[in-house]
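*Asks:* Turn this into a model:
(one chain, ligands or ions: 1)
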Amino acid sequence: MDGNGRWAKKRHLPRAAGHKRGVDAVRSTVRAARDLGLEALTLYAFSSENWKRPEEEVSDLMGLLRHFIKKEIDEFIANNVRLIVIGNYQALESDIVAMIDDLIARTAHNDGTTLAIALNYGSQDEMIRATRALAAKAVAGEIAPGDITEADFAAHLDTASLPPLDLLIRTSGEQRLSNFLLWQTAYTELYFTDVLWPDFGAAELKAAIDSFAGRERRFGGR
Ligand code: FPP
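*Replies:* The predicted structure is shown next:
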C-alpha cells in the first residue's frame with residue numbers, strides 16, 4: 001500500500017495523515033473486493049523491514065491498526081469476511097496480538113471474501129519459517145527429505161489457506177516486489193499503477209481486474 005507518505009507530502013501534511021487516509025482506502029478496497037465477490041484480498045500493511053522507520057511512525061501505524069480492528073470487526077462479521085494474518089504478527093505488542101487472535105477466531109467460519117493482512121511480513125522470513133517446520137518434521141521422522149514436494153512447501157507457508165495468487169497490484173509507481181509473496185507470485189499477473197494508495201478504491205480495483213481479465217495466462221504452456 002505504497003504512497004501514503006507522498007500523498008501527505010503533496011498536501012504539506014504529516015506522514016501520519018497519509019497513513020490515516022490509507023486506512024480509509026483499505027476500508028473502501030475491502031468493501032469493493034467483497035462486492036466484486038473476490039475470493040481473497042491480501043494487503044501488505046507492515047513489512048518485517050518497516051521496523052527501520054522512525055519509532056513515532058511505527059507507533060502511528062500500530063495505533064491505526066488497533067483502531068481499524070476495533071472499528072471493522074462488526075462489519076467483517078456482518079459481511080461474512082474471514083480475516084487471516086500472514087507474517088510473524090506474534091512479535092507485535094501483546095494487546096494487538098490478542099486483538100488479532102480474537103478477530104481471526106471470530107471470523108474463522110465465514111466463507112465470503114478472505115482478507116489477509118500482512119503484518120511483520122517478509123517473504124524470505126516466511127520461507128525460512130516453512131523450511132524450519134519441514135526440517136523439524138524430517139528430524140522427527142514424519143517426512144522423508146526426498147519426498148518433500150512443492151505442495152508440502154506451500155502448505156507450510158502463511159498463505160496455506162489462500163487460493164493461488166492471480167493478480168498483484170503495486171501502487172504509487174513502484175516496480176519492485178519488496179519481499180512480498182515471492183513463492184506465491186510464480187505465475188501471478190503484475191499490475192502497476194501510479195495512483196497513490198490513499199487514492200486507491202473501488203474504481204482502481206475494478207481497473208486492475210479489467211486489465212487482468214484481458215490477459216492470456218499460459219502458466220508455462222503455449
Ligand atoms: C507505505 O507507504 C505504507 C505503509 C508502510 C503502511 C501501510 C499501512 C496502512 C495503510 C495503515 C495500517 C493498515 C491497516 C490494514 C489498518 P509509504 O509510507 O512508504 O509512502 P511513500 O512511499 O509515499 O513514502
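*Asks:* what's stretch 32-39 in contact with?
*Replies:* 41, 79, 81, 112-115, 163, 201-202, 205-206, 209 (Cβ atoms under 8 Å, 6 or more residues apart in numbering). All C-beta atoms are positioned from the backbone trio N, CA, C, and that covers glycine.
*Asks:* ok, now stretch 101-110?
*Replies:* So stretch 101-110 is contacted by 69, 73, 76-77, 80-85 (Cβ under 8 Å, 6+ apart).
*Asks:* buried residues in it?
*Replies:* 103, 107, 110 (16 or more other Cβ atoms under 10 Å).
*Asks:* Neighbours of Ser48, how many?
*Replies:* 19 (other Cβ atoms under 10 Å).
*Asks:* typo on my end, it should be Leu165
*Replies:* Leu165 sits with 17 neighbouring residues when counted by other Cβ under 10 Å.
*Asks:* quick one: contacts for it?
*Replies:* 42, 159, 181, 184-185, 188.
*Asks:* out of these, who's nearest the ligand?
*Replies:* Thr42 (10.8 Å; Cβ to the nearest ligand atom).
*Asks:* quick one: strands adjacent to the strand or helix carrying that closest one?
*Replies:* Thr42 belongs to strand 40-47 when elements are defined using DSSP states H and E. Next to strand 40-47 in the sheet, as set by DSSP bridges, lie strand 114-121 (parallel).
*Asks:* Run the chain-centre distance for the partner strand.
*Replies:* Offset of strand 114-121 from its chain centre (Cα atoms, centre = their mean, to the nearest Å): 4 Å.
*Asks:* before we move on, back to that, which ones among the contacts of stretch 32-39 are found in helices?
*Replies:* Among the contacts of stretch 32-39, the members found in helices (DSSP state H) are 202, 205-206, 209.
*Asks:* any idea which of those residues has the most stuff around it?
*Replies:* Leu205 (22 neighbours).
*Asks:* Now that residue. Nearest residue, chain neighbours left out?
*Replies:* Spatial nearest neighbour of Leu205, excluding adjacent residues (Cβ to Cβ, 6 or more residues apart in numbering): Ala32 at 4.8 Å.
*Asks:* confidence score at that neighbour?
*Replies:* On pLDDT, Ala32 comes in at 97.
*Asks:* Name the helix or strand for it, please.
*Replies:* Element membership for Ala32, per DSSP H and E: helix 15-35.
*Asks:* Now do the buried residues in that helix.
*Replies:* 15-23, 25-26, 29-34.
*Asks:* same check, this time on stretch 143-160
*Replies:* For stretch 143-160, the neighbour count (16+ other Cβ under 10 Å) marks 143, 148, 153, 156-159 as buried.
*Asks:* quick one, helices of the protein?
*Replies:* Going by DSSP H, the chain shows helices at 4-10, 15-35, 55-78, 94-107, 123-139, 150-155, 202-213.
*Asks:* Can I get these in TSV including distance to the ligand?
*Replies:* Shown next, in TSV, are the helices of the chain (distance: least, Cβ to the nearest ligand atom, whole Å):
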stretch	distance to the ligand
helix 4-10	3
helix 15-35	3
helix 55-78	4
helix 94-107	11
helix 123-139	16
helix 150-155	24
helix 202-213	14
